[in-house]
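Novice: here's a sequence, model it:
(one chain, ligands or ions: 1)
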Amino acid sequence: MKLCECGCNKVTKWNKQFKRYNTYLNGHGQKGKKWTEEQKETLKKTRTREKCSMWNRKHSEETKKKMSKCKLGIKNPMHNKIFTNEERKRRSEAHKGKIFSKETRKKLRLINLGKKDSI
Ligand SMILES: [Zn+2]
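Specialist: Sure thing, here's the model as predicted:
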């Protein structure tokens, strides 16, 4: 009989293959494992966010424009979707009585600016 070495005081299972008790219970082996400084360094290096190409970088205005352009037209999920009158009515009913805050109205205005059916 052997106790798990992680310190949980549970008895490990008999290992038929090696004809001895396991050192750890299943999944206990990594518990409280001490990493060497070297191992920590490599981990840091491999996991560093610098690997991500956009890390610490912002899209330039130009890129942002390009990106938004991509969403316009045919690629836009709402492209060519015309609401039926009924649908329009339903939508308008749903929004009736809703009071938008100044902030929201401002946002909505900005969103709708330049659209064909903007007021
Ligand atoms: Zn354990």
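
Novice: tell me the residues of this protein that contact the ion?
Specialist: Within the chain, the residues that sit near the ion (C-beta under 5 Å from the ion) are Cys4, Cys6, Cys8, Leu25, His28. (Each C-beta comes from the backbone N, C-alpha and C, glycine too.)

Novice: please check these and keep the buried ones.
Specialist: Neighbour-count burial within these applies to Cys4, Cys6, Leu25, His28; the criterion is 16 or more other C-beta atoms under 10 Å.

Novice: from those, which has minimum pLDDT?
Specialist: Minimum pLDDT across these is recorded for Cys6, with 80.

Novice: name the SS class of that one, please.
Specialist: coil (DSSP: H, G, I helix; E, B strand; the rest coil).

Novice: ramachandran angles for it?
Specialist: Backbone torsions of Cys6, given as degrees, to the nearest 10, read phi -80, psi -10.

Novice: surely it meets Asn26?
Specialist: No. Here Cys6 lies out of contact with Asn26, judged by C-beta atoms under 8 Å, at a distance of 11.1 Å.
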